[in-house]
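*Asks:* Any chance you can model this:
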Amino acid sequence: MKTLVLVSVMAISTIAFAQNNDKIEKTQTIKTTVNNGRESNTTTKKITTTTSRDVQLNPADTDKVNQRLSNSDLNTRTDVTYSNSDHSYRLEKDDKGMNLVMMNGTERMPLAKMRKLSTKEGYVIRNNDETSYAHFDTAGNLIVETYDYKNDSIVVKKYSVNPE
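*Replies:* Numbers count the residues shown, from 1 in each chain. From the prediction side, this is the model:
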């Protein structure tokens, strides 16, 4: 009986430590308070960030019993979506900043790269033919300001946060 219990405990602990956790989820609650002089409004938003990595075996170890894992790219996504002109957008982190991605069902189309400015107040956003300035307003909406050369003016696009 003692041997059976001992073998069971060893088997369970081996199974528990052998699992590979290739997905990490982190939930963050953000409270924003806006005081306009007459009243104070507080909004609360929960953002879930999921980081995952594909599990891949090292190709050099194909004929071996014990194979090493090879490093694959991290995929980081948040559950926040933005909308503008009847399209949905997401911000996806990469190793240098973020990317603005248009969502069409399950398809994703990268539109622009966002890089944090040293002033920590905004981002430089670059797509194929223009460079813009981007920042977030107090409601969490993404505001993109672009200089229009032809009209000598600033064009402002607002990507509104979709309600949960």
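
*Asks:* in this protein, which ranges drop under the pLDDT threshold?
*Replies:* 1-2, 4-22, 28, 30-36, 43-49, 51-54, 71-79, 120, 163-164 (pLDDT under 70).

*Asks:* All the strands of it, residue numbers only.
*Replies:* For the chain, the strands defined by DSSP state E cover 23-35, 40-53, 56-57, 69-70, 74-84, 87-93, 98-104, 107-116, 123-126, 131-136, 142-148, 153-161.

*Asks:* Among those, show me which one is buried the most.
*Replies:* Comparing the strands of the chain by mean neighbour count (mean count of other C-beta atoms under 10 Å), strand 123-126 comes out on top with a mean of 19. Backbone N, C-alpha and C define where each C-beta goes, glycine included.

*Asks:* Pull the CA coordinates from it and hand them back as PDB.
*Replies:* Output in PDB follows, covering the C-alpha atoms of strand 123-126 (Å, rounded to 0.1, in the frame of the first residue of the first chain):
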ATOM      1  CA  TYR A 123       3.900  57.900 -30.400                       C
ATOM      2  CA  VAL A 124       5.200  58.300 -33.900                       C
ATOM      3  CA  ILE A 125       3.000  56.300 -36.200                       C
ATOM      4  CA  ARG A 126       4.200  55.300 -39.700                       C
END
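
*Asks:* Can you tell me what sits against that strand?
*Replies:* 97-98, 100, 112-117, 131-135, 144 (C-beta atoms under 8 Å, 6 or more residues apart in numbering).

*Asks:* again, 6 Å this time
*Replies:* Contacts to strand 123-126, defined as C-beta atoms under 6 Å, 6 or more residues apart in numbering, come from residues 112, 113, 114, 115, 116, 132, 134, 144.

*Asks:* Same check on stretch 107-115?
*Replies:* With contact meaning C-beta under 6 Å, 6+ apart, stretch 107-115 is reached by 97, 98, 99, 100, 101, 102, 123, 124, 125, 126, 127.

*Asks:* Show me what the fourth one is bridged to.
*Replies:* Taking DSSP bridges, one obtains residue 91, residue 112 as the residues bridged to residue 100.
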